[in-house]
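>>> Next come a sequence and a model predicted from it.
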Amino acid sequence: MVHLIIWVIIGLLALSFFGISLRSLVESPASQDNFSYLFMLLEQGWDYIVAWFGSIRNLIIWWQ
């Protein structure tokens, strides 16, 4: 956990060194659209995995 915090701090310092603002990246319309698309894909993938495990569970219950 401490290593992760250290790497995040190093990453933020590197972004600051190159003049990249996280706020401007997050607030830009293109980034918001990309995040929206990514979250939609993750939600669909999660729904697919849950449905798959549900069908496996039903198959196991049916065999008993």
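Perfect, I can see it now.
>>> got the residue ranges for the helices in the protein?
In the chain, the helices defined using DSSP state H lie at 2-17, 22-27, 29-63.
>>> any idea how far the helix or strand of the chain with the lowest mean pLDDT is from the chain center?
Using mean pLDDT, DSSP states H and E, helix 22-27 stands out as the lowest-scoring helix or strand of the chain, at a mean of 85. Offset of helix 22-27 from its chain centre (C-alpha atoms, centre = their mean, to the nearest Å): 17 Å.
>>> Contacts for that helix next, please.
Outside helix 22-27, the residues that touch it by C-beta atoms under 8 Å, 6 or more residues apart in numbering are 12, 15, 31-32. From N, CA and C alone the C-beta is placed, and that goes for glycine too.
>>> Comparing the helices of the chain by mean pLDDT, which bottoms out?
Across the helices of the chain, helix 22-27 has the smallest mean pLDDT, namely a mean of 85.
>>> So for the least confident helix or strand of the chain, what gets flagged as buried?
Within helix 22-27, no residue counts as buried by 16 or more other C-beta atoms under 10 Å.
>>> Stretch 23-33 spans what distance, first to last residue?
Stretch 23-33 has its terminal residues 15 Å apart, counting by C-alpha to C-alpha, to the nearest Å.
>>> how far is it from where the chain is centred?
Mean-position distance between stretch 23-33 and its chain equals 16 Å (C-alpha atoms, centre = their mean).
>>> What of stretch 33-48?
8 Å.
>>> And for stretch 38-54?
Averaging C-alpha positions (C-alpha atoms, centre = their mean) puts stretch 38-54 13 Å from its chain's average.
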